[in-house]
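**Q** Requesting a structural model of the entry that follows:
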Amino acid sequence: MKRALFLSLIFSFLFSLVSLIRHNHYFSQGNDLGIFTQSAWLYSKGYLLYNTITERLDFQDRYKPVMLLLGLLFRFWADPRFLLLIQAFFLSFSGIFVYLISKKVGLGDLTIFILVVSYLLFPGITSFIIDDFHEVSLFPFFFLGSIYFYLKRSKLLYIFLLFSLIIRDYLVFFSLVFWLSLLLSKNKAIKNRLLVRAIIVNLLGLVLMLTVIKLVGGITYGSFNSQGDSLFLTILKFILNPVNLLTSLFLPTVKLKTIFISLGYFAFLPLFNFWLIIPIIFQLASRFLDFEHPYRWGLFYHYSGELAAILVFGTIVSLRSVSRNSRKYFVALIFSFSLLSIVLFHSPLLLLMKAEFWEKEDWMKNNDYILSLVPDDASVATQNNLVPHLSLRKKIYVLPTINDADYVILDLRQGQNRFNFYGLSFEEMKQLQVNLSKRYKLINQKGDAYLYAKINEK
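**A** Residues are numbered from 1 along each chain as shown. Okay, here's the model as predicted:
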C-alpha cells in the first residue's frame, strides 16, 4: 500500500506541476477551465447559476451535480488552480484502487506496481493535465473505487456509486451498462449479492438525471444525428441500418487507431472477458457516433478517462486467470508499451524536461500586470486564454462577445494559439480593437497587452 501511495503522490505532484505552469503561463482556456471556475464560484456564493461564458443555466449546459460540491470547496479557496489540483489528485489517486483491486484478486507486488504505473501513464489519463479541468476527471477514482468496494462486499460501494453518478450525464449511461454487463460474467468472484443493488442504484441515478434534464431543458443529443431525431429514434435507426452503424464505428481510420492503441496498450487483455466488451463498445460508440465533434474520436483530450478505468480493470481480471508464466510476458509487454508511449504520444510529462516550459516570458508578465488592474467585482470581456484568470465574477465574456462589460482586455502579440481568439483571425481581433473606440477608452497598455474601460455615457 505504501508503494501505491508513493506512486500516487509522485504522479499527483507531476500532474499538478504541468497543469499549474500551463495555467500560470496563459495556456489554459475559457473553454473549459473558465466555465468550470465561474460555475463553482457562483455556487459558492449562492448566486443565480447562469454562466455568462456558455450563456446558459449551468445544468442546461451539462448535467453535472458534482459542481455543487466543488462549489462548497470553493468557499475555502476560490481559484481555478484549485480545480487543477483537485483533478491531478483524483486522477493520480485512482491508481490506489488499481492497486487495491489487483491485491484483492491476488496479483503479485511487481505486477501491481507495473499496472499502477502503466495505468497512470495511459494517454487517456495524462491528456487531462494539458486539457484544463473537466469534471469527468473525477470519474475513474469513484468508478474504480465502487468496483473495489463491490468486490470487497462493502457498503462503501453505495457512496462511491452515488458520486460516480453525479459527475456527468453520459457517465450515468456508461456506469449502468457496466454493472448490467457483470450479469453476464461466469466468474463467481465477480458476481455477488451486491450486484442487483448496484444496478438499482444506477437505475435510480438514471431516473434522477432524466428528471433534472427534463426540468431544466437544454441538453440534447443532436450531435448523434443530422435530422434532429430524438435519442431513441436515432438509436433505432442505427439498429435498423447495421451497415451504417459499423461504418460509423470504424471510419474514418482515426477511430480504428484509437481502438487499436487503447486495447493494445493493455496487451488486448480486456477482451479476454467477453462481458466487458459491451461497456467498452458502449464507451467508444458514445464518442464515435458523435458526428459533430470529431475531436472526440481520438485518444487524447478528456474523452478516455472512463475507458482507461474499465480497461485496467479488465486487464487485472484477465491477468488473474492466465498462468503465471504467461502473466510475466503480458506484464512485460504492458510495461514496455507504457514506457514507449511516453515518447510515441508525446506525454505531457515530457514538458517538464523543456527549459522553455518553465520560463516566464515577457508577454506573460505583461498580462500579469494588466490583469492585476481589473477590479474584482467588474464585468469583463477578454480572449479565451485570459478568461480563466478573470472568471471569479458574475459576468465574464469570451471575445468577440462584449455585452455590458466594464472592461475589455486584449493580448495582441503575434503567433498565438488559434483557440485564444475563439474563432477570430488575428486581423479580425485587430479590427475588434479598432471598433472598441466607440464605447471604450484605452486606460493602460504594457507591450501587446491592452486594458480598455467603458466610457461613461451621461
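
**Q** Show the subsequent helix or strand relative to the one helix or strand in the chain whose mean pLDDT sits lowest.
**A** Taking mean pLDDT, DSSP states H and E as the measure, helix 231-240 is the helix or strand of the chain with the lowest mean score, a mean of 73. Downstream of helix 231-240, the first helix or strand assigned by DSSP states H and E is helix 242-250.

**Q** got the angle between that next one and helix 231-240?
**A** 110 degrees (axes from the mean of the first three to the mean of the last three CA atoms, to 10 degrees).

**Q** Contacts for helix 242-250 next, please.
**A** 237-239, 255-256, 259, 284-285, 288-289, 291 (CB atoms under 8 Å, 6 or more residues apart in numbering). C-beta: built from backbone N, CA, C; applies to glycine.

**Q** Can you give the domain ranges for the chain?
**A** 2-219+251-353, 362-454 (automatic domain parsing).

**Q** Looking at these, which one is packed in the most?
**A** domain 2-219+251-353 (a mean of 19; mean count of other CB atoms under 10 Å).

**Q** gap between that one and the chain center?
**A** Domain 2-219+251-353 sits 8 Å away from the centroid of its parent chain (CA atoms, centre = their mean, to the nearest Å).

**Q** How far does it stretch from one end to the other?
**A** 27 Å (CA to CA, to the nearest Å).

**Q** Repeat that for stretch 289-307.
**A** 16 Å.

**Q** For it, give me every contacting residue.
**A** Defining contact as CB under 8 Å, 6+ apart, one finds that stretch 289-307 is touched by 91, 122-125, 127-128, 131, 134, 136-137, 139-140, 143, 171, 174, 222-226, 238, 248-249, 252, 254-255, 257-258, 261-262, 280, 283-284, 287-288, 345.

**Q** what about 6 Å?
**A** 123-124, 127-128, 131, 134, 136, 139-140, 174, 223-224, 248, 254-255, 258, 261, 283, 287-288 (CB atoms under 6 Å, 6 or more residues apart in numbering).

**Q** ok, back up a step: tell me which residues of the least confident helix or strand of the chain come out buried.
**A** 234-235, 238 (16 or more other CB atoms under 10 Å).

**Q** now that helix, how far from the centre of its chain.
**A** 27 Å.

**Q** quick check, N456 in a strand?
**A** No - per DSSP: H, G, I helix; E, B strand; the rest coil, N456 lies outside any strand segment and is coil.

**Q** ok, it - how many residues close by?
**A** Neighbourhood size, N456 [other CB atoms under 10 Å]: 6.

**Q** Could you dump the domains of the chain into a markdown table with mean pLDDT and distance to N244 added?
**A** Below are the domains of the chain laid out as a markdown table (pLDDT from 0 to 100; distance: least, CB to CB, whole Å):
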| stretch | mean pLDDT | distance to N244 |
| --- | --- | --- |
| domain 2-219+251-353 | 93 | 10 |
| domain 362-454 | 94 | 31 |
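
**Q** Let's have those in a markdown table, adding distance to V243.
**A** Supplementary listing: the domains of the chain in a markdown table, determined by distance: least, CB to CB, whole Å:
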| stretch | distance to V243 |
| --- | --- |
| domain 2-219+251-353 | 12 |
| domain 362-454 | 36 |
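
**Q** ok, back up a step: can you tell me which of the buried residues of helix 231-240 is closest to Y407?
**A** Nearest to Y407, judged by CB to CB, of these is T234 at 44.0 Å.
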